[in-house]
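Novice: sequence below, structure please.
(chains A and B)
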Amino acid sequence: MSIGGSNHTFTFLGLTFNAGNMISILLACLIVLALVYALSRHITMKPGKAQNILEYAVDFTNGIVGGSVSGEASKMLGLWGFSLFLFLLVANNMGLFLHIDVSGITYVKSPTSDPVVTMTLSLMTLTLAQFLGIRTLGYKKHFENYLKPFKIFIVVNLFEEFTNFLTLGLRLFGNILSGEMLLTMITGMATGGGPVMWIGMLPLELIWQGFSVFISCIQAYVFVTLSSVYISQKIEVEEV
Amino acid sequence: MGAIAAGIAMAGAAIGGAIGDGILIAKMLEGMARQPELSGQLRGNMFIGVGLVEAMPIIAFVVALLVMNK
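Specialist: Alright, predicted model coming up:
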């Protein structure tokens, strides 16, 4: 869903694509690539400022992943956590600063303000968890985990999988959409009211933008933390 | 009818979100008062908790938007 502009969709080989989402995701990936590329020139043993920032970011996401996943696997998942966190940070905040509407059709917005994009990220995480679980524990043990602690709990465990998938995606979507929508409404009220409204709405818009940046960063952190927790639940052998 | 439905959904979301956040932050303040040296960790965990608790009210907000004009 999109507020303040409709979507331009086109079909290709029978699948429907949304041009706004594609352009926004590409832009977010390019920004992350440019950022990390610029910070990673001149790697030395005694780090300069740029290298320090990059090392701090990698340490931060290694800490997030290491807090839930224990041991050998956390080294494997460190880079995944770093990429996901940076992408979410840029994608969530992009819509607050950049919103391009050409004749009523939205071309650039926050990619995570579309439920399809966030559900895709959530599905990717849960598929990764299933894959790592089967690879670590083997088919039999992995599916036997659904019968623990009692056979009847298979219903609860299956329901929990589905709920995790839904809430992980919809939490991110709801937070980012509400931020963008309120910004659009405040801007709409300001442009429709004349110069007095401009001055009146300015502090409100500043406060709401600041709060939205805060919420975006928190949601990126919560998404990566919860993803690590879901993965660790699948690959850890419980000592009964 | 859509406006009434949206109003009820938002009322539920506001009450649920406020009570949930209130309990969480109260417990965090209690913990901070008992052991001030854990302040940083407690604050970090509180934000994770708030992010989780606020998921449901925000989904209710999206539902309210969907039914607002029906």
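Novice: count the neighbours of residue A:178 for me.
Specialist: Residue A:178 has 18 neighbours, counted by other C-beta atoms under 10 Å in any protein chain shown. Placement of C-beta: from N, CA and C, glycine included.
Novice: that one against residue B:58, yeah?
Specialist: Yes: when contacts are counted by C-beta atoms under 8 Å, residue A:178 is listed as touching residue B:58 (6.2 Å).
Novice: and residue A:17, that's in a strand?
Specialist: Yes: under DSSP: H, G, I helix; E, B strand; the rest coil, residue A:17 sits within a strand.
Novice: and it, what's its pLDDT?
Specialist: On the pLDDT scale, residue A:17 is placed at 86.
Novice: show me what the least confident helix or strand in chain B by mean pLDDT is packed against.
Specialist: The least trusted helix or strand in chain B, going by mean pLDDT, DSSP states H and E, turns out to be helix B:39-53, with a mean of 85. Secondary-structure packing of helix B:39-53 (3 or more C-beta pairs under 8 Å, 6 or more residues apart in numbering or on different chains; DSSP states H and E): helix A:195-235, helix B:2-34.
Novice: including distance to residue A:84, mean neighbour count and mean pLDDT, could these go into JSON lines?
Specialist: Converted to JSON lines, the helices and strands packed on helix B:39-53 look like this (distance: least, C-beta to C-beta, whole Å; neighbours: other C-beta atoms under 10 Å in any protein chain shown; pLDDT from 0 to 100):
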{"stretch": "helix A:195-235", "distance to residue A:84": "6", "mean neighbour count": "17", "mean pLDDT": "88"}
{"stretch": "helix B:2-34", "distance to residue A:84": "26", "mean neighbour count": "14", "mean pLDDT": "94"}
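Novice: just put those helices in CSV and tack on distance to residue A:91.
Specialist: Below are the helices and strands packed on helix B:39-53 laid out as CSV (distance: least, C-beta to C-beta, whole Å):
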stretch, distance to residue A:91
helix A:195-235, 8
helix B:2-34, 25
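Novice: identify the residues contacting residue A:73.
Specialist: A:132, A:136, A:232, A:235 (C-beta atoms under 8 Å, 6 or more residues apart in numbering or on different chains).
Novice: likewise residue B:50?
Specialist: Neighbouring residues of residue B:50 by C-beta under 8 Å, 6+ apart: A:218, B:21, B:24, B:25.
Novice: ok, 7 Å please
Specialist: By C-beta atoms under 7 Å, 6 or more residues apart in numbering or on different chains, the contact set of residue B:50 is B:21, B:24.
Novice: ok, residue A:96 next?
Specialist: A:179, A:183, A:209, A:212, A:213.
Novice: that's a strand at it, yeah?
Specialist: No: counting by three-state DSSP, residue A:96 falls outside a strand, being helix.
Novice: what about it, distance to residue A:208?
Specialist: Applying C-beta to C-beta, to the nearest Å, the value for residue A:96 to residue A:208 is 9 Å.
Novice: kindly report the same for residue B:61.
Specialist: Noted for residue B:61: a distance of 15 Å to residue A:208, by C-beta to C-beta.
Novice: roughly how far is the least confident helix or strand of chain B from the heart of the chain?
Specialist: 12 Å (C-alpha atoms, centre = their mean, to the nearest Å).
Novice: buried residues in it?
Specialist: For helix B:39-53, a neighbour-count test (16 or more other C-beta atoms under 10 Å in any protein chain shown) marks B:42, B:46, B:47, B:49, B:50, B:51, B:52, B:53 as buried.
Novice: out of these, who's nearest chain A?
Specialist: Nearest to chain A, judged by C-beta to the nearest C-beta, of those is residue B:51 at 3.6 Å.
Novice: so that closest one sits against residue A:218, correct?
Specialist: Yes: between residue B:51 and residue A:218 there is a contact under C-beta atoms under 7 Å: 5.4 Å.
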